[in-house]
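1. From the sequence below, what's the structure:
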Amino acid sequence: QVQLVESGGGLVQAGDSLRLSCAASGRTFSSYAMGWFRQAPGKEREVVGAISWSGARTYYADSVKGRFTISRDNDKNMVYLQMNSLKPEDTAVYYCAADRIYCSGSGCSYGAWGQGTQVTVSS
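-> The predicted model follows:
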């Protein structure tokens, strides 16, 4: 089972950029699809995007499409979420997740989760 640790969250102003990182343990990281999720206070967790094991396929929620980019470095066991043009409504705890099966959309399940990192965007 892969273990995940997110980092890179913080307090930024609207319009700023931020890059989140997710470090994965385990020798089989390259066989996992990865997803990014977020949960704002009082709201349900929602998918931000996903990337296949090779990086060839990506999915983004409409709310972040064109502003956020997911990438991965299988040699370093890392996955990234580059967030540009941040908005106050992007404020949330961001989680990375891993699963053997790549799934795009909002109804996907993941077997492993990180502990989350807080992103706060001030107006």
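
2. Break down the protein into its helices, ranges please.
-> Secondary structure of the chain (DSSP state H): no helices located.

3. Which residue would you name as the spatial centre of this protein?
-> Nearest to the mean C-alpha position of the chain, by Cα atoms, centre = their mean, lies Trp36 at 2.5 Å.

4. Tell me the spatial nearest neighbour of it, not counting adjacent residues.
-> Leaving out its chain neighbours, the residue that sits closest to Trp36 by Cβ to Cβ, 6 or more residues apart in numbering is Val48, at 4.1 Å. The C-beta positions use only the backbone N, C-alpha and C, and glycine is treated the same way.

5. And for the one you found, the neighbour number?
-> By the criterion of other Cβ atoms under 10 Å, Val48 has 24 neighbours.

6. can you offset everything so residue one is 33?
-> Will do, 33 is the new start, and the previous item becomes Val80.

7. circling back to that earlier point, for the residue nearest to the centre of the chain, which residues make a bridge with it?
-> Gly81, Cys128 (DSSP bridges).

8. What number of residues are in the vicinity of Ser57?
-> Count around Ser57 with other Cβ under 10 Å applied: 12.
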